[in-house]
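Undergrad: Sequence and computational prediction follow.
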Amino acid sequence: MPSSYTLNSIIMGFIVLVLVAATPICTPAYSAFKTPSKPIGLFYSKKDADFLKKTHDWILKEDAGRGYRRLVPSPTPLEIVEKEVFHKFLDLGFIAIGAGGGGIPVIRRENGDLDGVEAVIDKDKASALLANEIGIDTLILLTEVDFAYLNFNTPQQKPIAHASVDKMEKFLQEGHFLEGSMKPKVESAINFLKAGGKRAIIARGLICSKDRGEVGGALRPRRTVPVFLPCSKIGLANS
């Protein structure tokens, strides 16, 4: 195994957790490098945001009524370098953990070399890509709100309890989900399903339970949350 991979293992009884520093590949021509969209760091008042724009040449934007945050490039990941490493660990029965924080973004040069770039890969998009590349059936994206909402943070706010891919794409086109917030989660869920995933869940929290006699057990949402299925039928969150 190449020494450049950062690997850590934690042995807990008979469970082995393996942490892998995932490396997403993106394209240098991607428009995200010209139009930063990913909020990072602290929340600032409008006065402080205006000051930082002038003194640091930062791009800042108001974030869901909570204040202003700095925006940085967030290109779409195209490939996870360590996908075969994940395959090997999963085949050995280990729990593999990766793509935390989106991973370490790189671009591939014409000669095949990988170079790091100043950007932040969205953790949901990296997770969805990794899930597809290693053949995961169910994608669970955790968030800080109970639902994905239509007309979020307005008097017309309405929770989306369940929906199909077609409906969520329609809601995306109508602009219901904020850039750098819920929008990448919805996009990631849709992309995961279109690439062969079976089920996607956006949840505030989950309870895992295993009934005797079952193989693998079931994931049960703590609350009713959106479930997107790759068909026209509506899927229930606790199905």
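TA: Now that the structure is in, tell me what you want to look at. Residues are numbered from 1 along each chain as shown.
Undergrad: Quick check: buried residues in the host helix or strand of K88?
TA: Using DSSP states H and E, K88 maps to helix 83-91. Neighbour counts over helix 83-91 (16 or more other C-beta atoms under 10 Å) mark K83, V85, F86, F89 as buried. Backbone N, C-alpha and C define where each C-beta goes, glycine included.
Undergrad: Give me the next element, helix or strand, following that helix.
TA: Scanning forward in sequence from helix 83-91 by DSSP H and E, the next helix or strand is strand 95-98.
Undergrad: what does the helix or strand just after that following strand rub up against?
TA: Note on strand 95-98: by DSSP H and E, the next helix or strand toward the C-terminus is strand 106-108. With contact meaning C-beta atoms under 8 Å, 6 or more residues apart in numbering, strand 106-108 is reached by T23, P24, I25, C26, T27, P28, V81, L114, D115, G116, V117.
Undergrad: what's the spacing between strand 106-108 and its chain's center?
TA: 20 Å (C-alpha atoms, centre = their mean, to the nearest Å).
Undergrad: mean confidence score for that strand?
TA: Averaging pLDDT along strand 106-108 gives 86.
Undergrad: Give me the neighbour count for S164.
TA: 18 (other C-beta atoms under 10 Å).
Undergrad: actually K198, not the one I typed
TA: Neighbours of K198 (other C-beta under 10 Å): 13.
Undergrad: hmm, which helix or strand of this structure has the shakiest average pLDDT?
TA: strand 218-221 (a mean of 33; mean pLDDT, DSSP states H and E).
Undergrad: middle-most residue in the chain, spatially?
TA: D124 (0.3 Å; C-alpha atoms, centre = their mean).
Undergrad: Show the model's pLDDT score for that residue.
TA: So, for D124, pLDDT stands at 91.
Undergrad: again with L17
TA: 51.
Undergrad: who touches the helix or strand harbouring K47?
TA: Using DSSP H and E, K47 falls within helix 46-56. By C-beta under 8 Å, 6+ apart, the residues outside helix 46-56 that reach it are Y44, W58, I59, L60, E62, G67, Y68, R70.
Undergrad: of all those, which two lie farthest apart?
TA: I59 and G67 (15.0 Å; C-beta to C-beta).
Undergrad: Could you check how far the closest residue in space to V81 that isn't next to it in sequence is from G100?
TA: Nearest residue to V81, sequence neighbours excluded (C-beta to C-beta, 6 or more residues apart in numbering): T23, at 4.1 Å. If you measure T23 against G100 using C-beta to C-beta, to the nearest Å, the figure is 12 Å.
Undergrad: Which of the two has more residues huddled nearby?
TA: Neighbour totals were compared for T23 and G100, and T23 leads with 23 against 13 (other C-beta under 10 Å).
Undergrad: ok, the residue lying closest to A119 once chain neighbours are set aside - contacts?
TA: Setting aside the residues directly before and after it, A119 is nearest to P73 in space (C-beta to C-beta, 6+ apart), at 4.3 Å. For P73, the contacting residues are A32, F33, K34, T35, P36, S37, K38, E118, A119, V120, by C-beta under 8 Å, 6+ apart.
Undergrad: pLDDT at P73, what is it?
TA: For P73, pLDDT reads 86.
Undergrad: Against V85, how distant is it?
TA: Counting by C-beta to C-beta - P73 and V85 are separated by 26 Å.
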